[in-house]
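S.K.: Here's a sequence, model it:
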Amino acid sequence: MFIRKAKITDVEDIHALITFYANKGLMLARPRSMLYEGIREFTVAEEKGKLVGVGSLHIIWEDLAEIRALAVDQDMTGQGIGRILVNAFLLEARELHIPRVFTLTYQAGFFEKCGFTLKAKEDMPQKVWKECINCPQFPNCEEEALVIDL
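M.R.: Prediction:
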């Protein structure tokens, strides 16, 4: 398996993978425009030329980053791809000297296995919520906040 930064040519595969889980209500959808605009934040896992996992590390502030849009091909789940991507994002955050990473997710158990701890959403800084206003789930979000200090 090969982990690399995403390319523009990956956008359609990234969109398809995220949309698959979004249609099942397991993660939030991401419009293509957001993927193109934020392509530099995305990292992909590739196996034999096929994109099998994706996610992004989004910088919020000098001391905070978010893991977003983490998804693994349904045929490849349970093989550690999600954990490999999370570890890549945590390494990237360390290299950038960002001391705390969080995620908002419906899959809290997975992130707990990666060392994250649950945190009350109300205790998260206001800047975390700047994009929530555009979310179809707002204001009735059922995602859980989890954090890890590096």
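S.K.: so where do the strands sit in this structure?
M.R.: Secondary structure of the chain by DSSP state E: the strands cover 2-5, 42-47, 50-61, 64-72, 100-105, 117-119, 144-149.
S.K.: Most tightly packed of these?
M.R.: Comparing the strands of the chain by mean neighbour count (mean count of other C-beta atoms under 10 Å), strand 64-72 ranks first with a mean of 23. In this view, the C-beta of every residue, glycine as well, is placed from N, C-alpha and C.
S.K.: for the helix of greatest length in the chain, which positions count as buried?
M.R.: Taking DSSP state H as the criterion, the chain has its longest helix at helix 81-95. Within helix 81-95, the residues scored as buried using 16 or more other C-beta atoms under 10 Å are I81, G82, I84, L85, V86, A88, F89, L90, E92, A93.
S.K.: packing partners for that helix?
M.R.: Counting contacts by 3 or more C-beta pairs under 8 Å, 6 or more residues apart in numbering; DSSP states H and E, helix 81-95 packs against strand 2-5, strand 42-47, strand 50-61, strand 64-72, strand 100-105, helix 108-113.
S.K.: now the second one: mean pLDDT?
M.R.: Confidence for strand 42-47, expressed as mean pLDDT, is 98.
S.K.: Repeat that for the last one.
M.R.: The average of the pLDDT scores along helix 108-113 is 97.
S.K.: Check the gap between the residue nearest to C114 when sequence neighbours are not counted and G49 for me.
M.R.: Among residues not flanking C114 along the chain, V86 sits closest, at 4.8 Å (C-beta to C-beta, 6 or more residues apart in numbering). Between V86 and G49 the computed distance is 23 Å (C-beta to C-beta, to the nearest Å).
S.K.: same question, L104
M.R.: Distance of L104 to G49, computed by C-beta to C-beta: 32 Å.
S.K.: With D10 instead?
M.R.: 12 Å.
S.K.: Could you check which of those two has the larger neighbour count?
M.R.: The neighbour comparison of D10 against G49 (other C-beta atoms under 10 Å) goes to D10, with 19 against 6.
S.K.: Surely that one and L51 touch.
M.R.: Yes - counting by C-beta atoms under 8 Å, L51 is a contact partner of D10 at 6.0 Å.
S.K.: if I look at these two, which residues touch both of them?
M.R.: V44 (C-beta atoms under 8 Å, 6 or more residues apart in numbering).
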